[in-house]
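In: coordinates only, no sequence provided:
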């Protein structure tokens with residue numbers, strides 16, 4: 001019945017979904033800057049979790065998706081030799097903070113603007129995990145990498161209203177809330193104290209300028225790309241294409257399309273005049289595909305030429321898991337270790353040298369993944385891997401392929417981002433809201 005089915009990347013959707021700006025080199029370390037990712041991406045990019053802007057709003061978008069390859073971030077060099085982070089489009093350090101108070105929903109809206117939860121991995125448990133029954137204004141927010149008993153003690157002492165725990169303290173399904181399990185005790189204490197608990201986890205990893213960009217920033221200047229590209233979570237769409245011979249047939253079919261209430265197609269319909277008639281292209285959601293096809297095949301003039309294309313999700317440029325950096329200036333393995341010690345604030349790191357490598361071997365390419373990065377780094381060709389943890393056999397596999405590995409322990413590869421996020425969040429909240437970083441939060445492992 002159909003002339004063919006094919007899978008293509010919809011150029012129009014790419015133009016509507018991909019980030020249009022070019023990163024601007026920073027003039028100072030990003031940790032010393034305050035800005036909002038909401039303003040970074042502009043209010044048109046993540047207003048309601050839906051990415052949509054027009055060519056009129058962004059005149060730079062004129063060509064097809066094929067002429068818009070994914071740009072690399074740039075890590076600008078530092079005259080002082082100190083590694084710098086990737087970019088800062090504008091500084092908001094002089095901006096006036098909003099007045100008044102905020103309730104939980106308003107703070108959650110800000111968190112969504114900074115890092116949309118749609119960017120999190122499908123297996124993750126992100127977002128609001130504990131919600132108080134009685135609403136109250138948010139006055140104190142505590143940031144932590146892990147919600148542990150000492151961190152909960154700290155939160156109670158400061159009368160905290162909202163705990164933002166990078167790792168979700170509630171991950172596996174629970175059948176009961178009792179005192180035998182420490183995570184269940186944490187949940188009970190949060191409820192008893194009227195505290196909300198929110199976890200961003202892999203949405204922070206994925207977002208441009210997030211945890212992974214912060215981690216790779218410790219290596220110095222270079223070109224940074226995403227290892228595992230994030231794709232748009234917009235509903236799946238299809239394109240229906242067909243030809244009609246004359247204006248009369250076109251008018252009848254277009255009228256029938258408009259009457260197909262579920263299609264909502266008028267904005268996505270294009271008609272091109274050709275010597276032998278008209279070529280019509282209609283883009284619709286998956287839910288509208290069946291009624292549209294049923295209507296179109298009922299027209300004898302349409303049926304022979306009808307084709308259906310399933311459109312692929314558009315990439316969200318700069319977002320995704322893991323990062324690869326091609327350094328502007330190669331360094332030795334020993335220099336890379338020293339840079340990461342300084343960046344992470346750690347006296348010790350674990351190092352596995354690649355096959356036939358020494359501490360004086362050159363490093364030009366570095367792949368990173370915060371936390372437990374083996375699955376993201378697997379098969380990536382780089383001189384050096386940097387992550388929090390890998391298993392014994394995963395390290396052996398990397399070393400055998402000539403790749404050296406730096407391990408910091410899991411949360412040490414993530415925790416430093418909290419200071420950067422605190423500044424981004426603070427500028428978006430009223431002065432009546434205090435944002436603090438936990439003093440009790442630390443990696444459970446120590447080198448002794």
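Out: On my side now, so go ahead. These figures come from a predicted structure and were not determined experimentally.

In: and the closest residue to residue 297 other than its chain neighbours, how close does it get to residue 293?
Out: Excluding its sequence neighbours, the residue lying closest to residue 297 (CB to CB, 6 or more residues apart in numbering) is residue 303, at 5.0 Å. Where C-beta positions appear, they are placed from N, C-alpha and C, glycine not excepted. Noted for residue 303: a distance of 10 Å to residue 293, by CB to CB, to the nearest Å.

In: ok, residue 243 next?
Out: 16 Å.

In: got phi/psi on residue 182?
Out: Main-chain torsions, residue 182, degrees, to the nearest 10: phi -70, psi -30.

In: same check on residue 122?
Out: Dihedral angles for residue 122 - degrees, to the nearest 10 - are phi -60, psi -30.

In: do the one 10 residues further on as well
Out: Per-residue torsions, residue 132: phi -60, psi 150 (degrees, to the nearest 10).

In: give the contact list for it.
Out: By CB atoms under 8 Å, 6 or more residues apart in numbering, the contact set of residue 132 is 104, 191, 194, 195, 196.

In: now these: which count as buried?
Out: For the contacts of residue 132, a neighbour count by 16 or more other CB atoms under 10 Å gives the buried set as 104, 191, 195, 196.

In: can you pull the buried residues of stretch 217-236?
Out: In terms of neighbour count (16+ other CB under 10 Å), stretch 217-236 has its buried residues at 217-222, 224-230, 232-234.

In: ok, now how distant is the residue lying farthest from the centre of the chain from residue 298?
Out: In terms of distance from the mean C-alpha position of the chain, residue 248 ranks first, at 48.3 Å (CA atoms, centre = their mean). From residue 248 across to residue 298, the span is 16 Å (CB to CB).

In: show the low-confidence segments of the stretch 1-150 of the chain, by residue range.
Out: Scanning the stretch 1-150 of the chain for pLDDT under 70 picks out the ranges 1-97.

In: again, but for the stretch 251-400 of the chain
Out: 261-267.

In: let's see 50
Out: The stretch 251-400 of the chain contains residues with pLDDT under 50 at 266.

In: would you map the helices across it?
Out: 286-297, 333-344, 374-377, 392-400 (DSSP state H, counting those that start in this stretch).

In: to residue 207, which of these lies closest?
Out: For the helices of the stretch 251-400 of the chain, proximity to residue 207 was assessed by CB to CB; helix 374-377 is nearest, at 15.4 Å.

In: who touches the closest one?
Out: So helix 374-377 is contacted by 227, 228, 321, 322, 367, 369, 385, 387, 390, 391, 394, 398 (CB under 8 Å, 6+ apart).

In: just the buried members of these?
Out: Buried, going by 16+ other CB under 10 Å: 227, 228, 321, 322, 367, 369, 385, 387, 390, 394, 398, out of the contacts of helix 374-377.

In: on that earlier part again, nearest to residue 175 among the buried ones among the contacts of residue 132?
Out: Closest approach between these and residue 175, by CB to CB: residue 191, at 16.6 Å.

In: quick one: the closest one from residue 170, how far?
Out: For residue 191, the distance to residue 170 - CB to CB - is 12 Å.

In: overlap of the contact sets of these two?
Out: Taking CB under 8 Å, 6+ apart as the contact rule, residue 191 and residue 170 both touch residue 130.

In: in the helix or strand hosting residue 188, which residues are buried?
Out: Using DSSP states H and E, the element containing residue 188 is helix 182-192. Residues 183, 184, 186, 187, 189, 190, 191 are the ones in helix 182-192 that count as buried (16+ other CB under 10 Å).

In: end to end, how far does stretch 345-357 reach?
Out: End-to-end span of stretch 345-357 (CA to CA, to the nearest Å): 26 Å.

In: among the buried residues of helix 182-192, which pair sits farthest apart?
Out: The most distant members of the buried residues of helix 182-192, if one measures by CB to CB, are 183 and 191, lying 13.1 Å apart.

In: what touches both of the two?
Out: If you check residue 183 and residue 191 against CB under 8 Å, 6+ apart, no residue is contacted by both.

In: spit out the contact partners of the closest residue to residue 313 other than its chain neighbours.
Out: Excluding the flanking residues, the one nearest residue 313 by CB to CB, 6+ apart is residue 231, at 3.9 Å. Going by CB under 8 Å, 6+ apart, residue 231 touches 313, 314, 315, 316.

In: in strands, which of those residues appear?
Out: Among those, the members falling in strands are 315, 316 (criterion: DSSP state E).

In: list the contacts of residue 368.
Out: Listed by CB under 8 Å, 6+ apart, the contact partners of residue 368 are 212, 215, 216, 322, 323, 325, 385, 386, 387.
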